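Student: next one to model:
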Amino acid sequence: MSEIANDTARALFEAHVKHELAALGGDAVLRTLAEEVGKAFDWLGTVTLNQIATRAQIVAVIDRYAIQFRIGGGITELAGEMSNAVFSSTRSEETRVDEILPPSLFEEFAEKIVALDSARREAIHLVTQSNAYGAFVTRVLKRGIVDFVFRPLDKAQSGDSLFANLARRVPPTVLRDLEERIAARLERYLEIHRERIAHDSEEYMLEALDERAIRTVADDVWESVAPMRLSDAFAFITSHDLEDFVVLGYEFWLKYRKTRYFRELSTELVGFFFDKYGDGSVADLVSDMGVSREMLVGEIQTFVGPVLAEAVTTGFLESRIRARLAPFYASSGVSKLLSEAGAGDGSG
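Tutor: Residues are numbered from 1 along each chain as shown. Sure thing, here's the model as predicted:
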């Protein structure tokens with residue numbers, strides 16, 4: 001700390017330090033914070049967003065912290081550990097699904113999903129036209145038809161099949177060869193007519209999965225899931241699965257934030273934000289975000305108050321005040337002012 005040679009300057013310095021500590025200690029600091037926040041809100045009502053920030057500045061912040069910032073591995077590790085803590089919490093064993101998702105809210109979700117007719121039709125079309133679906137339907141139809149022809153309708157009645165009489169008169173090897181040939185022929189037939197089968201499947205699914213059917217399925221699922229404990233619902237995936245999802249989400253974000261799409265979209269959204277709020281007062285913007293001066297004062301008093309109190313108790317705050325003020329009172333300018341003041345009033 002700078003040495004203060006002038007006795008008067010040293011006395012003023014000590015008085016100033018006590019004044020600052022008094023203003024920042026006990027209940028006084030809470031009153032000071034409330035007053036300063038109020039003054040700041042009043043001032044923000046007189047300035048616009050365009051006066052205190054630019055689009056380029058905000059875009060640069062996004063680039064620094066959303067795109068270029070290197071996210072520490074500890075964050076993903078912590079996310080995985082906290083997710084596992086949720087899974088293993090006794091609260092999850094005591095809480096039901098319908099306590100988290102109330103029935104009334106489920107009703108709203110279900111109604112909205114059922115109303116997405118265009119999305120439902122497009123989803124069905126994409127599924128039925130996919131190669132995977134075609135292969136699946138071909139296999140199911142082939143297996144079903146072959147079983148219908150060569151297998152008994154009831155396992156308890158071994159002779160009850162279309163080829164039951166033939167099976168009693170020919171060797172098993174001949175029957176197996178016949179089954180393989182028919183299966184191969186049937187598979188070839190289904191492959192040739194895959195497009196028509198897919199088209200017919202699409203038409204049938206559109207008819208079967210109408211709004212009423214989807215709502216019925218959703219209600220049936222809800223009736224089964226709603227009374228479940230969260231721990232039972234969580235049991236469908238393991239803690240390792242959850243950790244893998246966290247890692248996958250992390251990897252996705254690292255790559256997505258570097259894409260041209262994210263950069264251009266974020267810039268476009270910043271422009272939209274400034275178009276909407278740029279000429280309005282910052283106070284109105286803060287209010288639209290749902291933040292009031294009372295809310296801000298309350299949170300500052302909750303978190304800043306105890307920190308300052310501890311800083312006073314440990315002497316940290318006083319040491320910082322002294323370090324900030326000492327250079328001023330030790331300066332030649334202050335000594336000169338005090339000397340001139342002393343000469344002016346006839347003292348010294």
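Student: pLDDT weak spots in the stretch 201-348 of the chain?
Tutor: Residues of the stretch 201-348 of the chain meeting the criterion pLDDT under 70: 343-348.
Student: ok, 90 please
Tutor: 208-212, 231-251, 292-294, 296-310, 312-313, 332, 335-348 (pLDDT under 90).
Student: packing partners of the host helix or strand of R212?
Tutor: R212 belongs to helix 211-225 when assigned by DSSP states H and E. Applying 3 or more C-beta pairs under 8 Å, 6 or more residues apart in numbering; DSSP states H and E, we find helix 211-225 packed against helix 103-115. (Glycine included, C-beta is placed from N, CA and C.)
Student: buried residues in the next helix-or-strand element following the helix it packs on?
Tutor: The helix or strand immediately downstream of helix 103-115 is helix 117-128, counting by DSSP H and E. Buried residues in helix 117-128, counted by 16 or more other C-beta atoms under 10 Å: 120, 124, 128.
Student: over to stretch 289-301?
Tutor: Quick answer for stretch 289-301 (16+ other C-beta under 10 Å): 293, 296-297, 300-301.
Student: tell me the pLDDT at I58?
Tutor: Looking at I58, its pLDDT reads 96.
Student: could you chop the protein up by domain?
Tutor: 1-47+281-342, 51-90+237-280, 103-228 (automatic domain parsing).
Student: what's the distance between the first one and the middle of its chain?
Tutor: Its chain's C-alpha centre lies 38 Å from the corresponding centre of domain 1-47+281-342 when counted by C-alpha atoms, centre = their mean, to the nearest Å.
Student: tell me how far the residue nearest to Q129 when sequence neighbours are not counted lies from G342.
Tutor: The shortest distance from Q129 to any non-neighbouring residue, by C-beta to C-beta, 6 or more residues apart in numbering, is to A198 (5.9 Å). Separation of A198 from G342 (C-beta to C-beta, to the nearest Å): 101 Å.
Student: leaving out the residues flanking it, which one is nearest to G278?
Tutor: N50 (4.4 Å).
Student: what number of residues lie near the one you found?
Tutor: Burial of N50 is recorded as 14 neighbouring residues (other C-beta atoms under 10 Å).
Student: wait, doesn't it sit right on F273?
Tutor: No - with contact defined as C-beta atoms under 8 Å, N50 does not count as touching F273 (11.5 Å).
Student: quick revisit: how about the buried residues of stretch 289-301 in a markdown table, adding secondary structure?
Tutor: Formatted as a markdown table, these follow (DSSP: H, G, I helix; E, B strand; the rest coil):
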| residue | secondary structure |
| --- | --- |
| R293 | helix |
| L296 | helix |
| V297 | helix |
| I300 | helix |
| Q301 | helix |
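Student: out of those, which one sits closest to M82?
Tutor: I300 (26.9 Å; C-beta to C-beta).
Student: hang on, the earlier thing: ok, so of the buried residues of stretch 289-301, who is nearest L248?
Tutor: Looking across the buried residues of stretch 289-301 and measuring by C-beta to C-beta, the closest to L248 is L296, at 37.5 Å.
Student: residue contacts, V37?
Tutor: 293, 296-297, 300 (C-beta atoms under 8 Å, 6 or more residues apart in numbering).
Student: so after the host helix or strand of E180, what's the next helix or strand?
Tutor: Assigned by DSSP H and E, E180 belongs to helix 172-192. Moving toward the C-terminus from helix 172-192, the next helix or strand (DSSP H and E) is helix 194-208.
Student: hang on, the earlier thing: need the contacts of V37 in JSON lines with distance to Y256, can you?
Tutor: Listed next are the contacts of V37 as JSON lines, based on distance: C-beta to C-beta, whole Å:
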{"residue": "R293", "distance to Y256": "37"}
{"residue": "L296", "distance to Y256": "33"}
{"residue": "V297", "distance to Y256": "38"}
{"residue": "I300", "distance to Y256": "35"}
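Student: and these, which is closest to D279?
Tutor: R293 (22.2 Å).
Student: buried ones in the helix holding R212?
Tutor: So, applying 16+ other C-beta under 10 Å, buried residues of helix 211-225: 214, 218, 222.
Student: wait, which of the domains of the chain is closest to R96?
Tutor: That would be domain 103-228 among the domains of the chain, by C-beta to C-beta, at 6.0 Å.
Student: may I have the distance across that closest one, first residue to last?
Tutor: 13 Å (C-alpha to C-alpha, to the nearest Å).
Student: what are the contacting residues of the helix or strand containing D232?
Tutor: When elements are assigned from DSSP H and E, D232 belongs to helix 230-234. Residues outside helix 230-234 that contact it (C-beta under 8 Å, 6+ apart) are 87, 91-93, 95-97, 100, 225.
Student: quick one: which of those residues is nearest R322?
Tutor: For the contacts of helix 230-234, the nearest to R322 is R91 (48.6 Å; C-beta to C-beta).
Student: how close does that closest one get to L230?
Tutor: 8 Å.
Student: please apply the same query to D275.
Tutor: On the measure of C-beta to C-beta, D275 and L230 end up 43 Å apart.
Student: compare neighbour counts for those two and give me the winner.
Tutor: Remark: of D275 and L230, L230 carries more neighbours, 19 against 10, as counted by other C-beta under 10 Å.
Student: measure the more buried one to A56 for me?
Tutor: Taking C-beta to C-beta, one finds L230 at 46 Å from A56.
Student: again with S104
Tutor: From S104 to A56 the distance is 46 Å (C-beta to C-beta).
Student: same question for A184.
Tutor: Counting by C-beta to C-beta - A184 and A56 are separated by 68 Å.
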